[in-house]
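Undergrad: fold the following.
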Amino acid sequence: MPSEPTEVQVRPGVEDDLEALTTLYNHYVRETAITFDTAIFTPEERRPWLLSHPEDGPYRLKVAVDPDSQEILGYATSSPFRMKPAYVTSVETTVYVAPHAGRRGVGTLLYKALFETLSGEDLHRAYAGIAQPNEASARLHERFGFRYVGTYREVGRKFGRYWDVAWYEKDLA
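TA: The predicted structure is shown next:
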């Protein structure tokens with residue numbers, strides 16, 4: 001008799017996750033326009049990114065882990081929206097799910113954990129930029145209360161073509 005699938009666990013990201021997180025992100029760099037990075041990263045190049053998301057404060061990293069294999073199935077972050085001081089109460093959020101883990105609710109679990117963690121922070125708005133087309137990401141963000149605010153047309157060039165980015169915002173206050 002097959003065993004019941006174990007629930008995906010969500011926890012803060014830690015330094016031991018760096019290699020797996022880098023591999024996951026590099027998939028999206030190489031294969032998609034979801035990120036506008038165009039060159040893959042080494043784990044050492046990604047270390048400052050990981051360290052910029054501590055376990056407390058407004059900039060967080062949550063990872064979804066298969067409890068049986070300990071494989072990282074995805075991650076979500078909140079990061080500075082812009083570097084100028086007046087933007088300090090705004091964050092940009094993002095979620096990446098391993099290609100084979102899609103349609104399992106991993107993104108939903110990650111955003112739920114991320115926004116629960118952020119609820120005690122001095123934050124006013126969350127923003128998300130979604131390279132178009134990406135209906136699955138738009139639906140996920142709308143489920144979490146994000147609303148569409150506009151599109152930057154042909155703002156990024158990757159794979160020899162231009163891509164639009166739709167922007168969404170969520171009230172955190």
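Undergrad: so where's the chain shaky on pLDDT?
TA: Low-confidence segments of the chain (pLDDT under 70): 1-6.
Undergrad: show me where it has helices.
TA: Secondary structure of the chain by DSSP state H: the helices cover 18-31, 43-51, 106-118, 135-143.
Undergrad: quick check on His124: phi, psi?
TA: Backbone dihedrals for His124, given as degrees, to the nearest 10, come out at phi -110, psi -40.
Undergrad: now do the same contact list for it.
TA: Thr89, Ser90, Asp171, Leu172, Ala173 (C-beta atoms under 8 Å, 6 or more residues apart in numbering). All C-beta spots, glycine's among them, are computed from the backbone N, C-alpha and C.
Undergrad: mind checking which of those are buried?
TA: Neighbour-count burial within these applies to Ser90, Leu172; the criterion is 16 or more other C-beta atoms under 10 Å.
Undergrad: show me the one of the helices of the chain that comes nearest Arg125.
TA: Smallest distance to Arg125 across the helices of the chain (C-beta to C-beta): 11.1 Å, for helix 106-118.
Undergrad: give the buried residues for the closest one.
TA: Under the neighbour-count criterion of 16+ other C-beta under 10 Å, helix 106-118 has Val106, Gly107, Leu109, Leu110, Tyr111, Lys112, Ala113, Leu114, Phe115, Thr117, Leu118 buried.
Undergrad: now the end-to-end length of stretch 26-44.
TA: This stretch, stretch 26-44, spans 13 Å end to end (C-alpha to C-alpha, to the nearest Å).
Undergrad: pick the most deeply packed of the helices of the chain.
TA: Stretch with highest mean neighbour count among the helices of the chain: helix 106-118 (a mean of 20; mean count of other C-beta atoms under 10 Å).
Undergrad: quick check: angle from that helix to helix 135-143?
TA: 30 degrees (axes from the mean of the first three to the mean of the last three C-alpha atoms, to 10 degrees).
Undergrad: residues contacting the nearest residue to Thr42 once chain neighbours are set aside?
TA: Leaving aside its sequence neighbours, Thr42 sits nearest to Thr22 (C-beta to C-beta, 6 or more residues apart in numbering; 7.1 Å). Thr22 is in contact with Phe41, Thr42, Pro43, Arg46, counting by C-beta under 8 Å, 6+ apart.
Undergrad: returning to what we had before: Glu7: which of the helices of the chain is closest?
TA: Nearest of those to Glu7, taken as C-beta to C-beta: helix 106-118 at 8.9 Å.
Undergrad: re earlier: in JSON lines, list the contacts of Thr22 along with distance to Trp163.
TA: Shown next, in JSON lines, are the contacts of Thr22 (distance: C-beta to C-beta, whole Å):
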{"residue": "Phe41", "distance to Trp163": "20"}
{"residue": "Thr42", "distance to Trp163": "25"}
{"residue": "Pro43", "distance to Trp163": "27"}
{"residue": "Arg46", "distance to Trp163": "23"}
